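> task: produce atomic coordinates for the following.
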Amino acid sequence: MVCWILLLISLTPFTWGTFVVNVTQSSYQAEENHDITLDWTFTTTAHMSLSAVYIFCQLLTEDKDPVLFHLHEGVEVPESQDKQFSGRVQFDKDVLREGRLRLHVSRLRTEDSGLYRCEVKTDDDAGSDKCRLKVTAAADEPEPLRLTESPEPEIWGLHIGQGLRAAAGFLPPCFILCFAYLFFKNM
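From the prediction side, this is the model:
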C-alpha cells in the first residue's frame, strides 16, 4: 500500500498543471471530393475562458505553410485562412469547451495531403500536435458488368459449338463402324 501511495505522489507533479494537446488519430486517409473530420483534444481547466483560447492550424509543406484554421481569443479569423482551404473548413465550436478541436474539411483535394499541426494556447499554457492526411485520387466509377453471350467464332460457315455438337453426334457411330469393319476384316 505504501508503494502505491509513493508511486502516486511521484507521478502527481507530472500530471498537475500540464497542458497537453493530442490528435485523436495520427493519420487519416480519404478519397478526393469526400469530406473528413480532423480532431484534436487539449487540456481544459475549470477557469478557462473561451475568449482566452488561441488556435492556429497549418498544413506543413516545403514551400509554404498554408493556414487551415485560425481562432483568436475565441473568435474565428477566416481572413488568415489560406485560399486553398477557403470555404471548405467548418469549426465545431460546441465541443471547444470540452477541450476538443474538431475541423470538418469538405471536398478534399489531393493537394490537401500532408502533415497538419494545430497549436492551442490558453492563458495558462500552450501545446501542439500533428497528424497526417493522405488524400487519394477519386477512383473512376467502373462500368457495371453486362453479361452478354459472345458469338462463337465461325469455322467453314459453322459455329464451333455447332460443329462440336455435330461431331459428337457423328463420331460414336463412326467409331462403331470402323471397329466393326476392322473386327470382321480380321476374321
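> show me where pLDDT drops low in this structure?
Applying pLDDT under 70 to the chain flags the ranges 1-17, 140-187.
> would you map the helices across it?
Using DSSP state H, the helices of the chain run over residues 2-15, 160-185.
> what is the burial count for the closest residue to Thr44 other than its chain neighbours?
With CB to CB, 6 or more residues apart in numbering as the criterion, Thr44 has its nearest non-adjacent residue at 3.9 Å, and that residue is Gly99. C-betas here are computed from N, CA, C, even on glycine. Other residues within reach of Gly99, judged by other CB atoms under 10 Å, total 17.
> which other residues reach stretch 113-133?
Outside of stretch 113-133, the residues within contact range by CB atoms under 8 Å, 6 or more residues apart in numbering are 17-23, 25-30, 36, 38, 40, 42-43, 45, 48-49, 52-61, 68-69, 101, 112, 134-135.
> and these, which are buried?
Among those, the ones that count as buried by 16 or more other CB atoms under 10 Å are 21, 23, 28, 30, 36, 38, 40, 42-43, 48, 53-59, 68-69, 101, 112, 135.
> and the residue nearest to Thr44, how far is that from Thr24?
11 Å (CB to CB, to the nearest Å).
> and for those two, which residues touch both?
Applying CB under 8 Å, 6+ apart, one finds that Gly99 and Thr24 are jointly contacted by Thr41.
> care to break the chain down by domain?
If you go by automatic domain parsing, the domain ranges for the chain are 19-136, 154-185.
> the longest one spans what distance, first to last residue?
Taking CA to CA, to the nearest Å, domain 19-136 runs 35 Å from one end to the other.
> my guess is Glu73 meets Ala52, correct?
Yes - counting by CB atoms under 8 Å, Ala52 is a contact partner of Glu73 at 6.8 Å.
> overlap in contacts, those two.
Common contacts of Glu73 and Ala52 (CB under 8 Å, 6+ apart): none found.
> end to end, how far does stretch 73-86 reach?
For stretch 73-86, the separation between the terminal residues is 21 Å (CA to CA).
> now do the buried residues in that stretch.
Buried, per 16+ other CB under 10 Å, within stretch 73-86: 81-82, 85.
> what do you get for stretch 98-117?
Buried residues in stretch 98-117, counted by 16+ other CB under 10 Å: 99, 101-103, 105, 108, 112-114, 116-117.
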